[in-house]
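> I would like the atomic coordinates for the input below:
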Amino acid sequence: QVQLVESGGGLVQAGGSLRLSCAASRRTFSSYTMGWFRQAPGKEREFVACISRNGGWSYYADSVKGRFTISRDNPSNTVHLQMKNLKPEDTAVYYCAAGQSIDSLSSPREYGYWGQGTQVTVSS
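This is a model prediction of the structure:
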């Protein structure tokens, strides 16, 4: 079992920045690929970014590439999502997720553990 707790969401104006954090409970945090997903009202949950177990590579959705950066700190069991140049269309609940043996990095079904989500609202 891995428990994930997100923090850092809030209300920001378009063009602003936010940094989301996700704290994991498990000491084997470094054995999990970590991802961020988001879900806007009335829409399906969509992939945002993910990072490999040792942080050696990361992968982003086209919609956030160049604006968002995912990072992780294995000794402290945390993963972060730095979001810059935010747009109103980035408004959603953001979820942290953990998975092992992932074949499709952008598929929510591949991730077995999820946080409760944190709201990000970007005003125009």
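
> right, and residue 8 touches residue 23 too?
No: applying Cβ atoms under 8 Å, one finds residue 8 not in contact with residue 23, separated by 10.7 Å. C-beta coordinates here come from the backbone N, C-alpha and C atoms, glycine included.

> pLDDT on the one helix or strand residue 79 maps to, on average?
If you go by DSSP states H and E, residue 79 is part of strand 78-83. Mean pLDDT, strand 78-83: 98.

> mind checking what helix or strand follows that strand in sequence?
strand 92-99.

> and the next element down the chain from that following strand?
strand 113-114.

> ok, that next one: who's next to it in the sheet?
strand 92-99 (antiparallel) (DSSP bridges).

> buried ones in the partner strand?
92, 93, 94, 95, 96, 97, 98, 99 (16 or more other Cβ atoms under 10 Å).

> any chance of those in a markdown table with pLDDT as columns?
A markdown table is the format used below for the buried residues of strand 92-99 (pLDDT from 0 to 100):
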| residue | pLDDT |
| --- | --- |
| 92 | 98 |
| 93 | 98 |
| 94 | 98 |
| 95 | 98 |
| 96 | 98 |
| 97 | 97 |
| 98 | 96 |
| 99 | 95 |
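
> between those, which is closest to residue 116?
residue 95 (8.0 Å; Cβ to Cβ).

> distance of that closest one relative to residue 20?
10 Å (Cβ to Cβ, to the nearest Å).

> now residue 4
For residue 4 relative to residue 20 (Cβ to Cβ), the value is 12 Å.

> look up the closest residue to the spatially most distant residue from the centre of the chain, ignoring the ones flanking it.
Distance from the C-alpha centroid of the chain peaks at residue 124, with 22.6 Å (Cα atoms, centre = their mean). Spatial nearest neighbour of residue 124, chain neighbours left out: residue 88 (4.7 Å); criterion: Cβ to Cβ, 6 or more residues apart in numbering.

> now do the same for the one you found: its pLDDT.
pLDDT, residue 88: 97.

> how about low-confidence regions in the protein?
By pLDDT under 70, the chain has no low-scoring segment.
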